[in-house]
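Prediction below, plus the sequence it came from.
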Amino acid sequence: MSSRQTTTQPREVQAAVRGRVGAITIGQSPRPDITDEIRPLLGEGTRLIEIGALDGLTGAEIAALRPGDDDHTLVTLLRDGREVLIGRRHLVPRIQACVDRLQEQVELILMLCTGTFPPFRTRRLVLYPEHLLFQTVRAVTRGASVGVLTPSARQIADQERRWREVAASATVRAFSPYTPADDLDAACADFNAGGVDVVVLDCLGYTTALKRDVRAKTGKPVLLARTVLARTAAELVG
């Protein structure tokens, strides 16, 4: 959950950043579709500072970051609302640059993506939603079957691999939070047929409204990445 801690900050510096939380999207900032639901959970007086790994890039530059056949695919939004697929290997150095910029301004950094990332170099705590979701499932279930929603069909094989390291079995279905035409009913029917014990909404783009829909359609407990992340952050900065 945390990254490497390299130095101890003077007390006056710590006071200057207290109550400030950084948020890094793998797309372009701001992401009000995510942060509008996160902010109220962080507590009164907490200031959220957003930054995006793709901020300032042109369309052509972003197109060059598409995943190759052997890359991990990540799904995100641009500032104009367009969905894009990005290769993880392209994002890691750009996210590190975001961390470098934020660490002098905040006391805690949130990754607004559930993908797998290396520990970034920083003096601050970094919350990785992947780790939080994995540990929550391990904490509340034993030998469970997990249903997982993921944004793109290109991610299914990788998601099956990662979640089978956590749960006894995993049923993974694609449902983009940014494409209304995707079939949520079919995904939930598959979860019901597979007898899953808990459903994980494995993307920061999934909303609390979607969580309610999935719970109504499956009757199962549902973990939502953005609220698990925000509530953990609130515990640390509150």
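Good, I have the coordinates.

Where in the protein is the helix or strand with the lowest mean pLDDT?
helix 11-17 (a mean of 66; mean pLDDT, DSSP states H and E).

Buried residues of stretch 88-96, list them for me.
88, 90, 91, 94, 95, 96 (16 or more other CB atoms under 10 Å). Glycine gets a C-beta too; all of them are placed from N, C-alpha and C.

list the contacts for the fourth one?
The contact partners of residue 94, by CB atoms under 8 Å, 6 or more residues apart in numbering, come to 53, 54.

Confirm that it sits in a helix.
Yes. Counting by DSSP: H, G, I helix; E, B strand; the rest coil, residue 94 is found in a helix.

what about the nearest residue to residue 95 once chain neighbours are set aside, how many residues close to it?
Closest residue in space to residue 95, ignoring its immediate chain neighbours: residue 53 at 5.2 Å, by CB to CB, 6 or more residues apart in numbering. For residue 53, the neighbour count with other CB atoms under 10 Å is 26.

In contact with residue 53: list those residues for me.
Taking CB under 8 Å, 6+ apart, we find residue 53 in contact with 24, 25, 26, 27, 91, 94, 95, 97, 98.

I'd like the residues you listed as CSV, with distance to residue 212 and secondary structure appended.
Formatted as CSV, the contacts of residue 53 follow (distance: CB to CB, whole Å; DSSP: H, G, I helix; E, B strand; the rest coil):
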residue, distance to residue 212, secondary structure
24, 27, strand
25, 24, strand
26, 26, coil
27, 25, coil
91, 31, helix
94, 34, helix
95, 31, helix
97, 37, helix
98, 32, helix
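
The protein: helices as residue ranges?
11-17, 32-42, 59-63, 88-102, 129-140, 156-163, 184-194, 208-218, 225-237 (DSSP state H).

buried stuff in the third one?
For helix 59-63, the neighbour count (16+ other CB under 10 Å) marks residue 62 as buried.

what's in contact with that helix?
Under CB under 8 Å, 6+ apart, the answer for helix 59-63 is 54, 78, 84, 86.

Among the residues you listed, which are located in strands?
The strands, defined by DSSP state E, take in 84, 86 from these.

gap between residue 168 and residue 195?
11 Å (CB to CB, to the nearest Å).

circling back to that earlier point, neighbour-wise, which one of the contacts of helix 59-63 leads?
Top of the contacts of helix 59-63 by neighbour count (other CB under 10 Å): residue 86, with 24 neighbours.

which residues sit in contact with that one?
Residue 86 is in contact with 26, 27, 54, 62, 65, 66, 67, 73, 74, 75, 76, counting by CB under 8 Å, 6+ apart.

And the pLDDT at the fifth one?
You'll see residue 65 listed with a pLDDT of 97.

hang on, the earlier thing: turn the buried residues of stretch 88-96 into TSV, including distance to residue 236.
Formatted as TSV, the buried residues of stretch 88-96 follow (distance: CB to CB, whole Å):
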residue	distance to residue 236
88	26
90	30
91	25
94	25
95	20
96	22
